[in-house]
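>>> kindly return the folded structure for what I paste below:
(2 chains)
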2 protein chains.
Amino acid sequence: MEIFRAMEEYGTQQLVFCYDRTSGLRAIVAVHDTTLGPALGGCRMWPYRSEEEAVIDALRLSQGMTWKNAAMGLPLGGGKTVVLGDPAKDKSEALWRALGAFIDRMGGVYITAEDVGTTPEDMEQVAQSTRYVAGLNLRSGDPSPATAYGVYQGMRAALEVAFGEPSVAGRHVVVQGLGHVGLALTERLIREGAAVTVTDIYPDRLRPHVDRLGLGVIGPDDVYDADADVFAPCALGGVLNADTIRRLRVRAVCGAANNQLATAEDAERLRQRGIFYAPDFVVNGGGVIHVAEEFGIGGFSENRAMMKIARIYDQVLAVADLAAREDITTHEAALRLAERRLRDLGHLLRLEVRSRRAWT
Amino acid sequence: MEIFRAMEEYGTQQLVFCYDRTSGLRAIVAVHDTTLGPALGGCRMWPYRSEEEAVIDALRLSQGMTWKNAAMGLPLGGGKTVVLGDPAKDKSEALWRALGAFIDRMGGVYITAEDVGTTPEDMEQVAQSTRYVAGLNLRSGDPSPATAYGVYQGMRAALEVAFGEPSVAGRHVVVQGLGHVGLALTERLIREGAAVTVTDIYPDRLRPHVDRLGLGVIGPDDVYDADADVFAPCALGGVLNADTIRRLRVRAVCGAANNQLATAEDAERLRQRGIFYAPDFVVNGGGVIHVAEEFGIGGFSENRAMMKIARIYDQVLAVADLAAREDITTHEAALRLAERRLRDLGHLLRLEVRSRRAWT
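Numbers count the residues shown, from 1 in each chain, chains lettered A, B, ... in the order given. Below you'll find the predicted structure:
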């Protein structure tokens, strides 16, 4: 593959191939865009079948982080690290410390965090070699409750658009995937008086919670046919496609999963069916807001983080407003709002350097 | 091509792809090895026919800089930048300032300088965005006379090995290529009493100097057949190959060109013919010693630089000694000395960081 052609396609500034002979580390750090500040994005470890697959994943995920961080109003650009390897077999302290050394020598242009295939313990080891790690246990810790709170606020906005009333009380929500975020979201919905039906490809995940919380259960293949008010994808990406959208019997989609749309056209498909889609990278931004608070003035504050996350409600309403006014999909509207911010601030040439200093 | 496989082959730590949409910059920064200190190596601009060609060039040249900097005893690792583009058409202030910004965000892990296809003026523009540029006019300036002085000292050692007497007076040297370094070397040899025969594929380069200095002239194709004491390649790489080595009628080879050996076996061919080969990356290290003095205690000192460059005489003798003792080629002996230094210092885990601080 042609690296530069792919970078051009995704609009990526920098792609750093890191190799450490001793530990066997092979990692790619993608710095997609630093217009708004240092590039923040997690570190994924995955047994990629090819180098090309890893490069594309890094480019795609880092672009998503630029959109998310811009949409959240954060002083952060978008980045991502992918480590080529099997999380079950290839981890070692030497590997994480080597990765930390590579991140450290980027001097704060990129800040990493936990992601798919990595754990808080791995990030503690990365932090032995660099301060540019966010989300450590001793600081902001697990971002899942924060992400779930943001999705909840986004869902209130989605209900406001769909029904003219934001309350979840009495509404029926279908949650796909009862991982950390899906479970925290479900607990909050129940607490606020909603009826929740859940599904998960691992039935073990459902068992401890169904009776305790009074949940409905539906099969993984039937989830798209459920008769409900809101569908909340909190597991895999790409679940909104031509087949599933045709089957949906809800008024709104609002969940935590990344890259829910299989293609950009699927946003249009949802619109045509009259289903309000709360863009994933807007509603699942609570985690990154939470982590970014570590670098706020005076250090991390849980209260301040939660206050900022609550604004996702307003952000989804602004997206809905722009989409209605311009007759475009909500996905397109959210992108335009993010891009507008990038454009409005792009002329501040020294911003990157100034932000970077503030982070060190 | 597989990037990680190529990095593994060359032992390269880091390969940074830099893309700037506005200026059209496409550059690859290779950080080969930072065991001894920040990676220093020039910035080459070239209309590569493919991305793969550019990657291989960056990997190969940065590896050569590690060897050279290690052989010179410098507190510097090896790196190189290649800019994809035509030096005659694709340069702009925006392009160089974008490159400077990318180098700056590497935080001093890599330091650039003028190289093939770039000029001191280009580097002045790079320096608008970063302090990690060496060899600027206002500091150490043109390194060619320093490089030539180092080759001269290496040649004295080569004559000591070949004839038991280091003086160039009365010796006959054939200089291939009358560029900046070749000319400075020729002038010094004449001043010290040697007879010099020159060749260049551009006859215009010879014309102003032949009568002035009293030089002999030989055709570019006949240079390998010249009956002389020393052959000094100061132009292209790869000029020492099975064909040319068979034809050589000299007792020693010592010149400024990079990568003079077409393959590692050609060092053995020279040995079998009884021709002493002064390894290129040892004898042409004067330029990098000169530039490194910019970062010495108290700032640049021409005198101190020249004193250090004079030690290339001793370094070539040390190479000759090891080669004789171990019954290996001088190329292999020089590599072993460089690698020994890398190995002996490789356990100083924090050296890189400390060196980096000293450079800022």
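>>> ok, the residue of the stretch 101-250 of chain A found nearest chain B - contacts?
Here the stretch 101-250 of chain A gets closest to chain B at one residue, A:Gly107, 3.1 Å apart by C-beta to the nearest C-beta. Where you see a C-beta, it was placed from the backbone N, CA and C, and this is true even at glycine. By C-beta atoms under 8 Å, 6 or more residues apart in numbering or on different chains, the contact set of A:Gly107 is A:Arg356, B:Arg105, B:Met106, B:Gly107, B:Gly108.
>>> next: A:Gly64.
A:Gly78, A:Asn258, A:Asn259, A:Phe281.
>>> the first one reaches A:Arg60, doesn't it?
No: between A:Gly78 and A:Arg60 there is no contact, the gap being 10.9 Å when judged by C-beta atoms under 8 Å.
>>> these two: which is more packed in?
A:Gly78 (32 against 18; other C-beta atoms under 10 Å in any protein chain shown).
>>> please, which helix or strand holds the residue nearest to that one when sequence neighbours are not counted?
Nearest residue to A:Gly78 in three dimensions, chain neighbours excluded: A:Thr66, at 2.8 Å (C-beta to C-beta, 6 or more residues apart in numbering or on different chains). Counting by DSSP states H and E, the element that carries A:Thr66 is helix A:51-71.
>>> need the contacts of A:Gly107 in JSON lines with secondary structure, can you?
Output for the contacts of A:Gly107, formatted as JSON lines (DSSP: H, G, I helix; E, B strand; the rest coil):
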{"residue": "A:Arg356", "secondary structure": "helix"}
{"residue": "B:Arg105", "secondary structure": "coil"}
{"residue": "B:Met106", "secondary structure": "coil"}
{"residue": "B:Gly107", "secondary structure": "coil"}
{"residue": "B:Gly108", "secondary structure": "coil"}
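>>> ok, so of the residues you listed, who is nearest B:Ala242?
When those are compared for distance to B:Ala242 (C-beta to C-beta), B:Met106 wins out at 40.7 Å.
>>> contacts only, for the closest residue in space to A:Ala257 that isn't next to it in sequence.
Spatially, and ignoring its direct neighbours in sequence, A:Ala257 is nearest to A:Pro233 (4.3 Å; C-beta to C-beta, 6+ apart). Applying C-beta under 8 Å, 6+ apart to A:Pro233 gives the contacts A:Gln176, A:Gly177, A:Val239, A:Leu240, A:Val253, A:Gly255, A:Ala256, A:Ala257, A:Gln260, A:Asp280.
>>> thought the last one was touching A:Val253?
No: under the criterion of C-beta under 8 Å, A:Asp280 is not in contact with A:Val253, lying 9.0 Å apart.
>>> what do the two both touch?
With C-beta under 8 Å, 6+ apart as the test, A:Asp280 and A:Val253 both reach A:Pro233, A:Gln260.
>>> get me the contact residues on chain A for chain B.
Applying C-beta under 8 Å from any C-beta of the partner chain, we find that chain A lies next to chain B at A:2-4, A:7-8, A:11-21, A:26, A:51, A:84, A:102, A:105-109.
>>> okay, now the unreliable bits of chain A?
A:138, A:297, A:347-360 (pLDDT under 70).
>>> just give the number of residues close to A:Phe304.
Small correction: residue A:304 is Arg, not Phe. 15.
>>> wait, doesn't A:Met1 sit right on A:Glu53?
No: using C-beta under 8 Å as the test, A:Met1 is too far from A:Glu53 to be in contact (10.0 Å).
>>> that older thread, do you know how far the residue nearest to A:Gly78 is from chain B?
Relative to chain B, A:Thr66 is positioned 14 Å away (C-beta to the nearest C-beta, to the nearest Å).
>>> that residue: how many residues sit nearby?
When neighbours are counted by other C-beta under 10 Å, A:Thr66 registers 31.
>>> which residues sit in contact with it?
Contacts of A:Thr66 by C-beta under 8 Å, 6+ apart are A:His32, A:Asp33, A:Ala39, A:Gly77, A:Gly78, A:Ala338, A:Leu342.
>>> and for A:Val230?
A:Met155, A:Ala158, A:Leu159, A:Arg171, A:His172, A:Val173, A:Val174, A:Val250, A:Arg251, A:Ala252, A:Val253, A:Cys254.
>>> let's see 7 Å
By C-beta atoms under 7 Å, 6 or more residues apart in numbering or on different chains, A:Val230 lies in contact with A:Met155, A:Ala158, A:Arg171, A:Val173, A:Val250, A:Ala252, A:Cys254.
>>> which of these are buried? Put it as a PyMOL command.
Here is the PyMOL selection string for the buried members of those, based on 16 or more other C-beta atoms under 10 Å in any protein chain shown:
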select buried, chain A and resi 155+158+171+173+250+252+254
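>>> now flag whichever of the contacts of A:Val230 is closest to A:Glu302.
A:Met155 (21.5 Å).
>>> just the element for that closest one, please.
Per DSSP H and E: helix A:144-163 holds A:Met155.
>>> against A:Arg188, how distant is A:Val282?
18 Å (C-beta to C-beta, to the nearest Å).
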